[in-house]
Structure formats: structure tokens, C-alpha cells
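S.K.: sequence-free structure coming up:
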Ligand SMILES: C[C@H](O)[C@H](O)[C@H]1CNC2=NC(N)=NC(=O)C2=N1
């Protein structure tokens, strides 16, 4: 079982990644990414997918043309965990 982040750990995570917003209903973090066009958005998604598969931790996401909405949470922990922090960090490193 993955350990769920406590309030202080969650606040530290949000402070590290200011572009991300806490979604309290799911205890998730979300961020919207905008690109020039669909090709760039989909290229970003392909890169994230490869990383996510390697990490065995997968985003919940949607794409409309040049926009990608990502939600990260850990089902196994029923909320945020260190696994979400690691994936958010890897996603940020792509930008
Ligand atoms: C068995 C496998 O490790 C789990 O189902 C993984 C796969 N990807 C996952 N992704 C996310 N976002 N949360 C999880 O709890 C999760 N669990």
C-alpha cells in the first residue's frame, strides 16, 4: 500500500509545483497545458505516456486540440502520494 501524503506534505508538493492545483474531492493535483497545436500537444502526451509506463503510474487526462488536462492521484492510496510528486516532476521536466 502506498502512503498517502499528509496535509503538510501536500502543501510542500504544491509549493514545489506552482502550476498545479489541488483538487480536494479526489485529493488530486491538476494542471492544464497549452501548446501551439495538436501535434505539439500529442507529442507531449506521447512523452508523458512513456514516462508514466516506466513509472507504472498513470495520469488521468484529456486532450482537446492544443490543450491537455492532467489529473494525478494515487488510486492505491486513495489520494496523493509521493508517486504523484515524482510524475509531476518528470512532466515539468519535459516543458
Ligand atoms: C498494479 C499497478 O501498479 C497499479 O494499478 C498502478 C498503475 N498506475 C497507477 N496510476 C495511478 N495514477 N494511480 C495508481 O494507483 C496506479 N496504480
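M.R.: The structure has been received and is ready for your questions. Computed from a predicted model, the values in this text were never measured in an experiment.

S.K.: Any residues of the protein in contact with the ligand? List them.
M.R.: 56-58, 74-76 (CB under 6 Å from any ligand atom). Any C-beta I mention is one placed from the backbone N, CA and C, and that applies to glycine too.

S.K.: Could you pick out the buried ones from those residues?
M.R.: Listed as buried from those are 57, 74; burial here means 16 or more other CB atoms under 10 Å.

S.K.: So which residues of the chain form helices?
M.R.: 7-16, 38-55, 82-94 (DSSP state H).

S.K.: For stretch 84-92, what is the distance to the chain centroid?
M.R.: Centroid displacement of stretch 84-92 relative to its chain, using CA atoms, centre = their mean, to the nearest Å, is 6 Å.

S.K.: List the buried residues in it.
M.R.: 84-85, 87-88, 90-91.

S.K.: And stretch 14-31, by the same measure?
M.R.: 17, 20, 26-31.

S.K.: can you list the residues that contact stretch 48-55?
M.R.: Defining contact as CB atoms under 8 Å, 6 or more residues apart in numbering, one finds that stretch 48-55 is touched by 58-59, 61, 70, 83, 86-87, 90-91, 94.

S.K.: mind putting the buried residues of stretch 84-92 in JSON lines, pLDDT included?
M.R.: What follows is the buried residues of stretch 84-92, written out as JSON lines (pLDDT from 0 to 100):
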{"residue": "84", "pLDDT": "98"}
{"residue": "85", "pLDDT": "98"}
{"residue": "87", "pLDDT": "98"}
{"residue": "88", "pLDDT": "98"}
{"residue": "90", "pLDDT": "98"}
{"residue": "91", "pLDDT": "98"}
